[in-house]
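*Asks:* return a 3D structure for these sequence lines:
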Amino acid sequence: MEAITAFLALSLRRVFWFGALRIRRWPSRSCSSLPQNTCNQDLGSYTYLLQRAPAPVSYNVAPVYPPVQSQYHAQDEIGQYSFGYAGGPSSRAESRDAFGVVRGSYNYVDSEGKVQTQHYVADALGFRASGTNLPGSRRPSGRPPGPVPEPVQDTAEVVAAKLAHFQAYNEAAAAAAAAPDTR
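*Replies:* The predicted model follows:
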């Protein structure tokens, strides 16, 4: 209350009415009665007190974010790449390896002001994504979702064909080793 008194004493000189705000002329108090470092000037002969002041109005102001801080990009001749950026409230990173597996993630601020994070993997098992705004979201573990299927069993015809191919290959290899190279 003393700090408000000091502020108003420096800025107002008469009695004013502003709706519920009533400022009244009051006999002077000396600076010695105020908390230390609140009285830097002579308050003059009058001090004003604030009575029935309304609560201050506050507004939600959209934050101002700095521009992109860093970015990178790299690629080679066989299709591998990586790129990304970071700065402000968002970031993104993605990479692709020689086997065609793409992994990445990105962040952004949604309309409620919460940072949302998304992770994804695209490989032979398909596209898998998880994020903080998806139901039941978890980070991808690299394992396929659900049970792993049993390996395919060869039928009798396939087993016979593999055996015939293996025998033909061995006969051709033996014949090639026995014949001298005449070139």
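*Asks:* from here on, just use CA atoms for contacts and neighbour counts.
*Replies:* Noted.
*Asks:* mind checking the pLDDT average for stretch 64-75?
*Replies:* Regarding stretch 64-75, the rounded mean pLDDT is 79.
*Asks:* stretch 86-94 too?
*Replies:* Rounded to a whole number, the mean pLDDT of stretch 86-94 is 87.
*Asks:* residues of that stretch that come out buried?
*Replies:* A86, P89, S90, S91, R92, A93, E94 (16 or more other CA atoms under 10 Å).
*Asks:* how far does it stretch from start to finish?
*Replies:* For stretch 86-94, the separation between the terminal residues is 12 Å (CA to CA, to the nearest Å).
*Asks:* repeat that for stretch 64-80.
*Replies:* End to end - CA to CA - stretch 64-80 spans 36 Å.
*Asks:* if we look at that stretch, which residues are touching it?
*Replies:* Contacts with stretch 64-80, where a contact means CA atoms under 8 Å, 6 or more residues apart in numbering, come from 81-89, 95-98, 100.
*Asks:* list the buried ones in it?
*Replies:* Q80.
*Asks:* name the SS class of N107, please.
*Replies:* Counting by DSSP: H, G, I helix; E, B strand; the rest coil, the backbone at N107 sits in strand.
*Asks:* same question for A168.
*Replies:* helix.
*Asks:* what number of residues lie near A129?
*Replies:* 18 (other CA atoms under 10 Å).
*Asks:* doesn't Q153 fall inside a helix?
*Replies:* No. Under three-state DSSP, Q153 falls outside any helix and is assigned coil.
*Asks:* how much space is there between it and Q167?
*Replies:* Q153 is 21 Å from Q167, by CA to CA.
*Asks:* of those two, who's got more company?
*Replies:* Q167 (12 against 8).
*Asks:* pull the contacting residues for the more buried one.
*Replies:* For Q167, the contact set (CA under 8 Å, 6+ apart) is empty.
*Asks:* which one of the buried residues of stretch 86-94 is nearest to G113?
*Replies:* P89 (10.0 Å; CA to CA).
*Asks:* just the strands in this protein please.
*Replies:* 16-18, 21-27, 46-51, 70-75, 81-87, 90-96, 102-109, 115-123, 126-131 (DSSP state E).
*Asks:* how much space between Y120 and V61?
*Replies:* 33 Å.
*Asks:* what about those two, which has more around it?
*Replies:* Neighbours were counted for Y120 and for V61 using other CA under 10 Å; Y120 has more, 17 against 6.
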